[in-house]
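Q: build the 3D model from these lines:
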Amino acid sequence: SWRRGSFNAEPKEEFSLAVSSLGGCVCYLQKCLIERPLLAMKQFQLFTPEQFHVRGGGNEFPTENQKLVLDNISIANLEILQTSEGKQEGSLLSILDKCVTAAGKRLLRQWVCAPLCNPRQNQ
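A: Below is the predicted model:
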């Protein structure tokens, strides 16, 4: 799944996002000081979520109204509902929220906390 570039090994195009994600995971493991024991296991497998259809060797965006699952830590780190200081003012939701009704505010909160996976459907 690797090809030789002019200077070093590069992943094939269909694996570039996976390798980039792995790099982010390794960086996080280094910050936690646990990368050596985990990486020494060499137990890597390609993960393809069920909602992604594999056609022609590459992943396609989901065609259904599949939503991205954000855990509480991601919501907090992205400051979606409140800032790192615990304030609602300055959060992503507070900036986007121009809703007049309580029902509109609840719906916007649901959309922001669980966005659609397919960026074409978000337009």
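Q: now do the same for Pro37: helix, strand or coil?
A: Recorded secondary structure, Pro37: helix (DSSP: H, G, I helix; E, B strand; the rest coil).
Q: who touches stretch 90-100?
A: Leu78, Glu79, Ile80, Leu81, Gln82, Thr83, Gln88, Lys105, Leu107, Leu108, Arg109, Val112 (C-beta atoms under 8 Å, 6 or more residues apart in numbering). Any C-beta I mention is one placed from the backbone N, CA and C, and that applies to glycine too.
Q: next, the contact list for Val19, please.
A: Listed by C-beta under 8 Å, 6+ apart, the contact partners of Val19 are Pro11.
Q: element containing it?
A: Take DSSP states H and E as the rule and Val19 turns out to sit in helix 16-31.
Q: show the average pLDDT along that helix.
A: On average, the pLDDT along helix 16-31 is 84.
Q: and it, what's buried?
A: Buried residues in helix 16-31, counting neighbours by 16 or more other C-beta atoms under 10 Å, are found at Ala18.
Q: wait, which of the contacts of stretch 90-100 is closest to Pro11?
A: When the contacts of stretch 90-100 are compared for distance to Pro11 (C-beta to C-beta), Leu78 wins out at 26.7 Å.
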